[in-house]
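Undergrad: What follows is a predicted protein model with its sequence.
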Amino acid sequence: MRGEVERDNTEALLRVYLTIQQLVEDLYTQADNAASSRNYNDASVLTGQAEVLYRVAENLETVISEHEE
């Protein structure tokens, strides 16, 4: 039972990690689009948020790898 719960938890963490990675990619794409339109304020905000989420994803990746051990 415990092994199944741990596996479910790891899978949930992995799904969240992948979702965050997709969000980061989307934010960087939108930042590029904003910069191409010379909307540098939005580009800066979008890039900043992408960087914040990227750090969250990195931390989550560490948690996942520790959880799998």
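TA: Perfect, I can see it now.

Undergrad: what's the worst-scoring helix or strand of the chain on mean pLDDT packed up against?
TA: Ranked by mean pLDDT, DSSP states H and E, the weakest helix or strand in the chain is helix 2-36, scoring a mean of 93. For helix 2-36, the helices and strands in contact under the criterion 3 or more CB pairs under 8 Å, 6 or more residues apart in numbering; DSSP states H and E are helix 40-68. No exception for glycine: its C-beta is placed from N, CA and C like everyone else's.

Undergrad: Next, the angle helix 2-36 makes with the helix it packs on.
TA: 160 degrees (axes from the mean of the first three to the mean of the last three CA atoms, to 10 degrees).

Undergrad: Mean confidence (pLDDT) on helix 40-68, please.
TA: For helix 40-68, the mean pLDDT works out to 95.

Undergrad: buried set for stretch 57-64?
TA: The neighbour-count check on stretch 57-64 (16 or more other CB atoms under 10 Å) flags 57, 60, 64 as buried.

Undergrad: hmm, who's touching stretch 55-69?
TA: With contact meaning CB atoms under 8 Å, 6 or more residues apart in numbering, stretch 55-69 is reached by 6, 9-10, 13-14, 16-17, 20-21, 24.

Undergrad: Please, a PyMOL command that selects the buried ones among the residues you listed?
TA: Per 16+ other CB under 10 Å, the buried members of the contacts of stretch 55-69 correspond to this PyMOL selection:
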select buried, resi 13+17+20+24
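
Undergrad: So what's the gap between stretch 23-36 and the chain middle?
TA: 14 Å (CA atoms, centre = their mean, to the nearest Å).

Undergrad: And it, what's buried?
TA: Buried residues in stretch 23-36 (16+ other CB under 10 Å): 23-24, 27-28, 30-31, 34.

Undergrad: contacts for that stretch?
TA: With CB under 8 Å, 6+ apart, stretch 23-36 has contacts from 40, 42-44, 46-47, 49-50, 53-54, 57.
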